[in-house]
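**Q** pasting the structure only:
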């Protein structure tokens, strides 16, 4: 195995999920989904290592909030969580009002038009 891959040799998805659970439940759920959504769980290892490395740069509470937000918007990638942390969206509460549907308008055809 090449030197770049040797550090991943003894790492299992269960170990990564357990390490993420040390940060918080949302972080563990995000890492678990990264592993589950890939064709091979090993493909999610690098992303999971990236998520775990964010705990060294940011407070654990912020990382946990960013993972919760990423799960809410279904953005299950390292780059999404990193962007949430960089922009400070983890500190912003989710929108209190639900999104209102688009009002009816004569210029909007709707699904029935395409049937």
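**A** That came through fine. The model shown is predicted, which means the values in this text are computed figures rather than measured ones.
**Q** next one: the helix or strand harbouring residue 51 to chain centre, how far?
**A** Element membership for residue 51, per DSSP states H and E: helix 45-57. Mean-position distance between helix 45-57 and its chain equals 11 Å (CA atoms, centre = their mean, to the nearest Å).
**Q** equivalent analysis for stretch 87-105, please.
**A** 19 Å.
**Q** for stretch 51-71, same thing?
**A** Here stretch 51-71 is found 9 Å from its chain centre; the criterion is CA atoms, centre = their mean.
**Q** for that stretch, how far is the first residue from the last?
**A** The first and last residues of stretch 51-71 sit 13 Å apart, counting by CA to CA, to the nearest Å.
**Q** look up the closest residue to the most centrally placed residue in the chain, ignoring the ones flanking it.
**A** When CA atoms, centre = their mean is applied to the chain, the residue found nearest the centroid is residue 76 (3.3 Å). For residue 76, ignoring the flanking residues on the chain, the nearest one in space by CB to CB, 6 or more residues apart in numbering is residue 33 at 5.1 Å. No exception for glycine: its C-beta is placed from N, CA and C like everyone else's.
**Q** cool, residue 16 as well?
**A** Sequence neighbours aside, residue 48 is the residue nearest to residue 16 in space, at 4.4 Å (criterion: CB to CB, 6+ apart).
**Q** does the one you found touch residue 34 like I think?
**A** Yes. Using CB atoms under 8 Å, residue 48 makes contact with residue 34 at a distance of 5.6 Å.
**Q** how many neighbours does residue 90 have?
**A** Counted with other CB atoms under 10 Å, residues neighbouring residue 90 total 21.
**Q** one step back: for residue 102, see how far away the residue nearest to residue 16 is.
**A** In this view, residue 48 and residue 102 are 38 Å apart by CB to CB, to the nearest Å.
**Q** compare those two (neighbour count), which wins?
**A** With neighbours defined as other CB under 10 Å, residue 48 and residue 102 compare such that residue 48 has more, 24 against 8.
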